[in-house]
Each structure stands twice: as structure tokens, then as C-alpha cells.
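> let's see this in three dimensions:
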Amino acid sequence: MDIPTVPRGRFAFLIHPRSDPSEDLALINPALGLLPGRVVETAMRRLPFKPWVHSTVRAADRPDEVLGEVIGVPLTPSMLLGEDRAMVARRIDQAVDLAVERGAPVLGLGALTAPATAGGAKLRRRTDIGVTNGNAYTAAATAGAVERIAAGMGTPPVVALVGANGSVGTAVARVLGASGAAAELVLVGRTPAALAALAGDLGASWSTEMAACRRADLVVLMTSATGAVLTPEHLKLGAVVLDDTQPRNTSPALVTERPDVTIIDGGVVATPGLRRTGYGMGIATTSSFACLAESALLALADHRGHGTIGRPTLEQVGRMQRYAQRFDGLGFGLAAPTSFGEPIAVHGWSRPPRREPSSQLPDGAVA
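Residues are numbered from 1 along each chain as shown. From the prediction side, this is the model:
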């Protein structure tokens, strides 16, 4: 007797060139790699570049089906966070149109396409596709990584969350506040009122100055800046940094200047059961950015309608953890630690944290 196939959806996921557009776009057109990045960016501003299909994703248990496609958007970080909001909106809409044309019911927002659309809120008007900013599963993965790192420190660390009043940061702060993994949370951000309110809820301290990170054993970066925001003078001796940002907010020079500091790549999860073909994304093919993994999980669950828009709730974080458990046959979980893409040993990483964040999150039916 034939076993009926469980319905699955399909997703699209938006990415964009990172710090050097000539390097990234050289994958698409080698001639662009011969030009300085500033020349390529000027051309991107002035010429009608179109979105493109960057790579294709298939699930290992159904290799003949396309589960998702990664779509490149012709915008650099400075363009996405710049003043020409009309151009940004137009090009993102063109990419969304391409996703719809190619049959995706779910659209994930990668890197700075999320803050450029107010966490997806500016795309809520789209009724032809469901939008998710990926921040629920990103928050779950980040909190899980913090707990794993803390488990190897012997005693609960002081943890500084940079970007704590942002979409991902707020959820991570609340998960960690419930888990007890940190001896103290230091919330760092740009909005005093929001920081004070969140700190009051969690019994944490807060600051708008990066100097507040000097007390922290573990610093977690979750900002939407376009370059490095963490410098050597912000870190105590032997500090660990989890950089959860894309484009990343740490520079390789920091390792040279502060060899006592350990920098760990964040925002990446293991997805050995998802097979990407096409152009690369700067990470191993057995791993995915957590926001892409959220899009894939929604497609696997045949989700319809919008997913995470704006700030994720703890219920949404818990739901994505349950989806990851539901599809654990495809290997969703924390990726092995790396630093600037290279494998790194982190003490105690193989040991489970003292408490899983999911144990503190509200239960609810899987949608």
C-alpha cells in the first residue's frame, strides 16, 4: 500500500551582497570581480539591476522536489540602510514578485532586508505570499548558543546583549532571563526607554554605551549596523564574543589585536538535510543562516500566511523550536562552532546546557 506524501510548501529567501559587492557579485558575473567595490556599488545605484535566483534548496528525504530558492537582491548594506528608501522598496518588491512568480508561498528576509522592511512590517500588505523575518528561530538558536557557551564556562557568566532592544535581541533577552544561564544580563542598545523597560522586566542592567560590555564574560552582537561596532577597548580579558550579525559586526583584525578574545560565528545552524546547489553563501553547505532555516521549517510544515513579522513573541520562538524537533530527521540544530568560517574549539560545547530554552517557553499547538 502506498503511503501518502505529507504536503509541503515552498519558500524563497532574500539575500544581498555584503561588504564588498564586487567579491560577491563575481560569483554571478566574473567580470564584476575585476572592478573595485565602490565602482560596482555606483553601478548598482544607477543601473536597473534585477533580482536573480542565487541557489536552490532541496530536502534530503525528497531530493527530486525543490523546497526553496535563495534570491539575490541588488542592494548593498549601505544602500539598504541609506536614504533612498524608494529604490530599496522597489528592488525588494521586485525580488518578492520573482518569488511569487516561482511559486513560493513563504518568503524569508535575509540579512539587512529585514530591518529595511521594518522586520517585514512593510510587506504585510502582500497577500500573495507569506513573509517571515526569521527572527524567531534566530532568537532560539542564539539563546541556545549562549547557553551552550555558558555551560562550558564553569560558572554562570555576565552576558552583554548588544542590540538588546532590537527584534532578535528582545526575544533572546527574555529567553535567557527565564533560563538562568547568565549570572547577569547587561542590555546594550540605542533606545533608553525600551532598554529600561526590558531591563526592569528582567532585573537586568542597561546602557546605551558599548563600554558597558567591558564587564561581560560573553558579548552577543545582534545589531543591524553595516560595519564593526566592537573594538578591543570594549572587551575584558579573555572575553568570548558571539557575532550574530550579517554583515558581521566584528573584524578579523580584532583577533589579531586581542588574541585573548574568542570570537564565535553566530546566527548559523546545522541543516545537513537541506542541500543547496548554485552559488555559495559564505557558509558550509551543511549549515544555514537561522533566518533561512526558519523559512525552510515553515515550508516543511506547509505554513500559509505571514510568519514572524516585527519582534518575535516567545510563543513564536517556542513554535520554531517545536518545528525543528518535528523535522529533526533533517538535522536542524546548533552548528559546530566556527570563527570567521574556520572550525574552533569551544570548551564544553558538546555538553548540553543546564536548561534548554524551550523548557521555559509557553506551550501551544503547532500551526
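> next helix or strand past the helix or strand bottoming out on mean pLDDT in the chain?
With mean pLDDT, DSSP states H and E as the measure, the helix or strand of the chain carrying the lowest mean pLDDT is helix 21-25 (a mean of 88). Where DSSP states H and E defines the elements, the next helix or strand beyond helix 21-25 is helix 37-46.
> following that next one, which helix or strand shows up next?
Tracing the chain past helix 37-46, the next element assigned as helix or strand by DSSP H and E is strand 52-59.
> list the buried ones in that following strand?
For strand 52-59, burial by neighbour count (16 or more other CB atoms under 10 Å) applies to 54-55, 57-59. Where C-beta positions appear, they are placed from N, C-alpha and C, glycine not excepted.
> which residues are contacting it?
8, 11, 15, 28, 64-72, 98, 102, 273-281, 296, 300, 330 (CB atoms under 8 Å, 6 or more residues apart in numbering).
> and residue 154, how far is that from residue 57?
Taking CB to CB, to the nearest Å as the criterion, residue 154 is separated from residue 57 by 39 Å.
> got it, and residue 145?
For residue 145 relative to residue 57 (CB to CB), the value is 23 Å.
> what's the answer for residue 348, then?
32 Å.
> same check, this time on residue 43
As it turns out, when the distance is counted by CB to CB, residue 43 lies 29 Å from residue 57.
> so which helix or strand takes in residue 173?
Element membership of residue 173 [criterion: DSSP H and E] is helix 167-179.
> pLDDT on that helix, on average?
Mean per-residue pLDDT for helix 167-179: 95.
> please report the distance of residue 19 from residue 342.
Plainly put, residue 19 is 18 Å away from residue 342 if you go by CB to CB.
> right, I mislabeled it, should have said residue 54
In this structure, residue 54 lies at 24 Å from residue 342, with CB to CB as the measure.
> isn't residue 320 up against residue 136?
Yes - with contact taken as CB atoms under 8 Å, residue 320 and residue 136 are classed as touching, separated by 4.6 Å.
> mutual contacts of these two, please.
Overlap between the neighbourhoods of residue 320 and residue 136 consists of residue 294, taking contacts as CB under 8 Å, 6+ apart.
> ok, residue 332 to residue 274 distance?
Distance, residue 332 to residue 274, by CB to CB: 9 Å.
> mind listing the shared neighbours of those two?
With contacts defined as CB under 8 Å, 6+ apart, the residues adjacent to both residue 332 and residue 274 are residue 293.
> more neighbours: which of those two?
residue 332 (27 against 24; other CB atoms under 10 Å).
> give the contact list for the more buried one.
Applying CB under 8 Å, 6+ apart, one finds that residue 332 lies in contact with 269-271, 273, 293, 297, 324.
> equivalent analysis for residue 298, please.
By CB under 8 Å, 6+ apart, the contact list for residue 298 reads 9, 11, 106, 130, 132, 307, 323.
> out of those residues, which are inside helices?
residue 323 (DSSP state H).
> now residue 296. Its backbone dihedrals?
Taking degrees, to the nearest 10, you get phi -60, psi -40 for the backbone angles of residue 296.
> how deep is it tucked in, by neighbour count?
Under the neighbour criterion other CB under 10 Å, residue 296 is assigned a count of 29.
> how about residue 50?
The burial count for residue 50: 12, using other CB under 10 Å.
> how about it, what does it touch?
Neighbour list for residue 50: 74, 94 [criterion: CB under 8 Å, 6+ apart].
> any idea of the pLDDT on it?
Residue-level confidence at residue 50 comes out at 95, pLDDT.
> ok, now residue 352?
51.
> equivalent analysis for residue 284, please.
Per-residue pLDDT puts residue 284 at 89.
> and it, which of the three is it?
Secondary structure assignment for residue 284 (DSSP: H, G, I helix; E, B strand; the rest coil): coil.
> show me what contacts it?
For residue 284, the contact set (CB under 8 Å, 6+ apart) comprises residue 335.
> 7 Å - rerun?
Contacts of residue 284 were listed using CB atoms under 7 Å, 6 or more residues apart in numbering, and none were found.
> and the gap between it and residue 113?
According to CB to CB, residue 284 stands 22 Å off from residue 113.
> now do residue 301
22 Å.
> cool, and residue 286?
According to CB to CB, residue 286 stands 24 Å off from residue 113.
> these two: which is more packed in?
residue 113 (27 against 15).
> let me know whether the more buried one touches residue 12 as I believe.
No - in this structure, residue 113 is not within contact of residue 12 by CB atoms under 7 Å, at 11.5 Å.
> and the helices in the stretch 51-200 of the chain?
Assigned by DSSP state H, counting those that start in this stretch, the helices in the stretch 51-200 of the chain fall at 77-80, 85-101, 113-116, 135-151, 167-179, 192-202.
> what's the fourth one in contact with?
When contacts are defined by CB under 7 Å, 6+ apart, helix 135-151 is touched by residues 119, 156-157, 159, 167-168, 171-172, 175-176, 179, 181-182, 218, 220, 240, 242, 244, 266-267, 269, 290-291, 293-294, 297, 308, 312, 316-317, 320-321, 334, 346, 348-349, 351, 353-354, 357.
> weed out the non-buried ones from the contacts of residue 298.
The neighbour-count criterion (16+ other CB under 10 Å) marks 9, 11, 106, 130, 132, 307, 323 among these as buried.
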